[in-house]
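Visitor: Need coordinates for the following:
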Amino acid sequence: MKKIHLISGLGLALVASYALAHPHFNKTITVKLPSGVDATIAYNTTPSNETHATNAAVGAFVTPRGPRVTFSGEVKVGSVTVPAGEYTIGAVKTSDKDWTMALYPGRIPRGEKPDESKLIKLDSTYSSGAGTAEHMLIDISPGHGKFQGRAVLSLHFGTLFLEGAISEVVS
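Guide: All right, here's what the predicted structure looks like:
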């Protein structure tokens, strides 16, 4: 009986130490875009598992754990208009070495395939040379290079680093 209690106690201690050593956080970020629209991101810092992205079919929409962005008003970027509302953040695999940032209206229930005709594809840049994010990182920040003067939504997952424009150039 003492052995069972000892083994149970050790097992519980191991599980607890693993849970404490590897936390995941629910994050919420709110940014006022140059147009005055509030953009709020909500996501979980899930571990980066690039196997899922690597194995995705070309043309597939991939969204690790369904991160979301909510816009308080309409966002217009060139010919792309994103109405006010909540969107699932993800990426479309355009080739084995390229991705496009995309937003899907509403939430996608886990395990369900989205209607890809509803995707809103953003003007994007993809890089695999921005280092490695061990846990998913999503942010909105000032753009650089082709996005100089714009606000960009960024998704960093493992070595995948993707930015999509979410504002016009600010004068």
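Visitor: gap between residue 92 and residue 57?
Guide: 11 Å (C-beta to C-beta, to the nearest Å). Bear in mind the C-beta positions are built from the backbone N, C-alpha and C, glycine included.
Visitor: whoops, residue 159 was the one
Guide: To residue 57, residue 159 is 20 Å away according to C-beta to C-beta.
Visitor: Neighbour count: the two, which is higher?
Guide: Set residue 159 next to residue 57 and count neighbours by other C-beta atoms under 10 Å: residue 159 wins out with 15 against 7.
Visitor: Just the pLDDT for residue 52.
Guide: For residue 52, the model assigns a pLDDT of 79.
Visitor: What of the one 4 residues further on?
Guide: In the predicted model, residue 56 carries a pLDDT score of 87.
Visitor: same deal with residue 133?
Guide: Residue 133 is assigned a pLDDT of 89 by the prediction.
Visitor: cool, the one 5 residues further on as well?
Guide: The model reports residue 138 with a pLDDT of 95.
Visitor: what's it in contact with, if anything?
Guide: Neighbouring residues of residue 138 by C-beta atoms under 8 Å, 6 or more residues apart in numbering: 27, 29, 41, 43, 67, 89, 153, 154, 155, 156.
Visitor: Now for the second one: which residues touch it?
Guide: In this case it means residue 29. Listed by C-beta under 8 Å, 6+ apart, the contact partners of residue 29 are 40, 41, 138, 139, 140.
Visitor: Can you classify it by secondary structure?
Guide: The three-state assignment at residue 29 reads strand, by DSSP: H, G, I helix; E, B strand; the rest coil.
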